[in-house]
Each structure stands twice: as structure tokens, then as C-alpha cells.
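Engineer: Dropping a prediction and its sequence here:
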Amino acid sequence: MIETRLIDGKAFAETLRARIASDVTAFHAATGVKPGLAVVLVGEDPASSVYVRNKGRQTLEAGMASFEHKLPAETSQDEVLALIATLNADSSVHGILVQLPLPGHIDAQAVLATIDPAKDVDGFHVVNAGRLAVGLEALVPCTPLGCVMLLKDTLGSLAGLEAVVVGRSNIVGKPLAQLLLREDCTVTIAHSRTRDLPGVCRRADILIGAVGRPEMIRGDWIKPGATVIDVGINRITGADGKNRLVGDVAFEEAQGIAGAITPVPGGVGPMTIACLLANTLTAARRLVG
Ligand SMILES: NC(=O)C1=CN([C@@H]2O[C@H](COP(=O)(O)OP(=O)(O)OC[C@H]3O[C@@H](n4cnc5c(N)ncnc54)[C@H](OP(=O)(O)O)[C@@H]3O)[C@@H](O)[C@H]2O)C=CC1
Ligand SMILES: Nc1nc(=O)c2c([nH]1)NC[C@@H]1CN(c3ccc(C(=O)N[C@@H](CCC(=O)O)C(=O)O)cc3)C=[N+]21
């Protein structure tokens with residue numbers, strides 16, 4: 001039996017936010033500019049509302065300005081594009097985040113393409129995705145960035161390690177695979193058509209769950225001693241009738257097998273917000289020059 005280490009994303013994120021806050025103070029003193037983050041939320045997704053509220057509070061705590069644009073679900077695509085054009089032109093806004101998913105009548109790719117890549121703190125614009133892919137300086141998606149920070153803190157160098165990323169979305173799986181490649185991992189991206197997923201996962205020194213299926217990754221899919229990063233945020237109703245959050249990994253089963261694992265909540269989620277603030281400061285620095 002292995003003693004499984006808990007990777008405390010919440011504590012790591014608190015330390016990171018404190019460092020960002022002091023960097024913001026120094027940046028403001030040197031330039032007179034307060035970094036500003038604009039968040040655009042279309043419709044009333046309850047999970048998104050929680051995320052937006054947490055982000056807003058932590059943005060202010062970091063000494064940044066927070067601009068929240070909550071639009072009704074029936075807002076037209078043209079209205080959203082017009083708002084983004086206004087934010088692109090607003091010199092007090094250094095970061096723009098459009099909360100996903102958007103309502104079905106809005107083309108998310110068209111919306112993301114309208115964001116000024118220099119203000120694209122989610123790193124979802126094709127310019128930033130392309131720059132990451134070819135190894136140029138880019139704004140990097142927050143969740144993957146947070147995952148790699150936790151991995152490097154836990155393992156030191158990642159060079160040569162076998163990494164398996166389960167999930168290939170543009171917001172998590174694909175950019176995370178790019179970052180792991182940049183860290184010299186040997187990367188496998190698995191998805192819903194992967195054959196023998198348990199066997200593929202068992203090869204991993206670093207196993208990432210980014211699927212969105214509660215506790216799909218079982219204990220016996222984990223190589224003993226592997227480092228497990230659980231990106232999944234799934235709200236389920238427990239046997240007691242109460243709602244709770246679980247990840248994509250069967251956390252209890254992983255105990256005694258994984259070398260280290262992130263919990264849900266308290267793992268990757270808080271890192272996402274901290275990295276969003278870090279990206280906003282980075283964007284402000286580059287925009288102000
Ligand atoms: N902690 C955080 O900060 C964040 C957490 N999340 C959470 O991470 C999870 C993933 O999010 P996201 O990437 O947006 O999700 P998507 O739904 O966009 O992508 C899910 C991926 O998982 C794959 N998949 C689905 N079912 C299976 C299966 N049975 N076996 C293998 N692969 C499967 C899909 O494969 P295919 O492509 O073949 O369909 C797809 O590539 C969600 O729980 C989400 O809430 C997301 C963002 C931030
Ligand atoms: N444009 C865009 N960018 C995103 O980064 C983005 C998005 N859209 N849409 C939704 C997903 C999801 N997401 C989360 C971020 C933080 C927590 C988080 O802070 N979770 C905490 C608390 C969760 C709780 O208790 O409710 C935790 O896991 O400990 C969760 C989920 C970002 N996403």
C-alpha cells in the first residue's frame with residue numbers, strides 16, 4: 001500500500017493569488033494602471049453563476065478591477081459581438097472572458113474570434129492556441145496552466161514521464177497536452193473512441209481526468225505511484241439526497257494506489273481562477289508595455 005499524497009490546489013492557489021496581488025500593487029505604483037478583467041455571462045447557468053461570483057471577488061481581492069456583464073439568455077449574437085468590440089476598445093479592460101457554454105443560438109467560435117488576442121485571458125482564440133502549438137509566447141488556457149503548476153510543484157521536472165490526458169476539448173484536454181509536451185512528457189490524448197481506456201490509463205505516470213463523467217476513472221486504472229490530476233467538476237445527488245461535487249476520478253478508490261491526487265473541490269478549480277488573474281496581469285503588462 002502506498003501513502004497517497006493530497007495535492008492541495010486551494011492552498012497553492014491562495015499563495016499564487018497573494019503573489020499576484022503584490023505584483024499588481026507594484027505594477028500600479030509603476031504605471032498608474034489597475035489591471036481590469038471583464039467577464040461576459042449570457043444566460044443563467046447556475047454553475048457558471050457560482051464561478052463568476054468567485055472570480056469577481058478574487059479579482060477585487062487581487063487589487064484588479066472587475067467588470068461583469070450579465071446578459072439575458074435571449075441576447076443575440078450581434079449584441080454579444082458588439083459588447084466584445086466595446087471591451088476590445090476599452091483601455092481599462094486588459095482581460096476579456098466569455099463564460100462558456102453559450103446559449104445554443106450563439107456561435108461560440110465566432111464570439112471567441114472577436115476577442116482581441118492580446119486580451120484573451122482564457123487563451124481560447126485561435127491565435128493564442130496556434131502560438132501555444134508552435135511554441136511562441138501566448139496567453140495559455142487557465143485550467144491547463146494550473147494543472148501543470150501543480151504537477152511541477154509535486155514532481156519537479158516532468159521530462160520523460162508518460163502523461164495520459166483523458167479528454168480532448170479545446171478548453172482543457174488539447175491545450176493541456178500541448179503544455180505537457182512543452183515539459184517534455186510523452187503525451188497520449190484519450191477520448192470517447194479510445195480502445196482499452198483502462199489499459200491506456202495504466203501506462204500513465206501522470207494521469208489527467210478531463211472528461212465530465214463523475215468518477216469514471218477507477219482505482220484499478222491507475223498505475224501504482226502515479227500522479228493523478230482530476231479536472232472534472234460534476235454535481236451529483238448523493239445517497240442522502242444532498243448535492244455534492246465529485247471529479248472524474250473515483251477518489252476513494254485511488255487512495256493507496258496513486259502517489260498523489262488532487263481533490264474535488266479544492267484541487268484544480270481554485271487554480272483556474274488564480275491563473276486567470278495571472279493571465280490578466282500578464283495581459284496588462286504587455287498592453288501597457
Ligand atoms: N476545474 C476547472 O477549473 C474546470 C473544470 N472543468 C470540468 O472538466 C470536465 C471536462 O470539461 P471539458 O473539457 O469542457 O468537457 P467536454 O465535454 O468539452 O470534453 C469532454 C471530453 O471527454 C471525452 N469523453 C467523454 N466521455 C468519455 C468516455 N466515456 N471515455 C473517454 N473519454 C470521454 C470526450 O471525448 P470526445 O471528444 O470523443 O467526445 C471529450 O473529449 C468537466 O467536468 C468540466 O466541468 C472544465 C473547465 C475548468
Ligand atoms: N470561458 C470559460 N473559461 C473557463 O475557465 C470556464 C468556463 N468558461 N466555463 C465553466 C468552466 C468551469 N470552470 C471552473 C473554474 C473554477 C471552479 C472552482 O473554483 N471550483 C472550486 C469550487 C467549486 C464549488 O464549491 O462550487 C473547487 O473546485 O474547489 C470551478 C469551475 C471554469 N470554466
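Structural biologist: Perfect, thanks for sending it. Ligands and ions are numbered 1, 2, ... in the order given.
Engineer: And the helices in the stretch 151-289 of the chain, which stretches?
Structural biologist: Counting by DSSP state H, counting those that start in this stretch, the segments of the stretch 151-289 of the chain that form helices are 173-182, 197-202, 251-254, 268-288.
Engineer: what do you get for the stretch 1-150 of the chain?
Structural biologist: 9-31, 46-61, 77-89, 108-114, 126-134, 142-155.
Engineer: Can you name every helix or strand that the third one contacts?
Structural biologist: Helix 77-89 sits against strand 36-42, strand 65-71, strand 95-98, helix 108-114, with contacts defined as 3 or more CB pairs under 8 Å, 6 or more residues apart in numbering; DSSP states H and E. Any C-beta I mention is one placed from the backbone N, CA and C, and that applies to glycine too.
Engineer: Would you convert the ones you listed into TSV that also reports mean neighbour count, mean pLDDT and distance to ligand 1?
Structural biologist: Putting these into TSV (neighbours: other CB atoms under 10 Å; pLDDT from 0 to 100; distance: least, CB to the nearest ligand atom, whole Å) gives the following:
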stretch	mean neighbour count	mean pLDDT	distance to ligand 1
strand 36-42	23	96	15
strand 65-71	16	96	18
strand 95-98	26	98	12
helix 108-114	16	97	11
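Engineer: which one of those lies closest to ligand 2?
Structural biologist: Evaluated over the helices and strands packed on helix 77-89, closeness to ligand 2 peaks at strand 95-98, with 5.2 Å, by CB to the nearest ligand atom.
Engineer: Which residues outside the closest one are in contact with it?
Structural biologist: By CB atoms under 8 Å, 6 or more residues apart in numbering, the residues outside strand 95-98 that reach it are 35-40, 42, 55, 80, 84, 87-88, 108, 111-112, 115-116, 119-122, 276, 279-280, 283-284.
Engineer: Over to stretch 165-182?
Structural biologist: Outside stretch 165-182, the residues touching it (CB under 8 Å, 6+ apart) are 100, 122-124, 129, 132-133, 135, 140-141, 143-145, 147-148, 158, 163, 187-191, 194, 197, 201, 206-212, 217, 231, 248.
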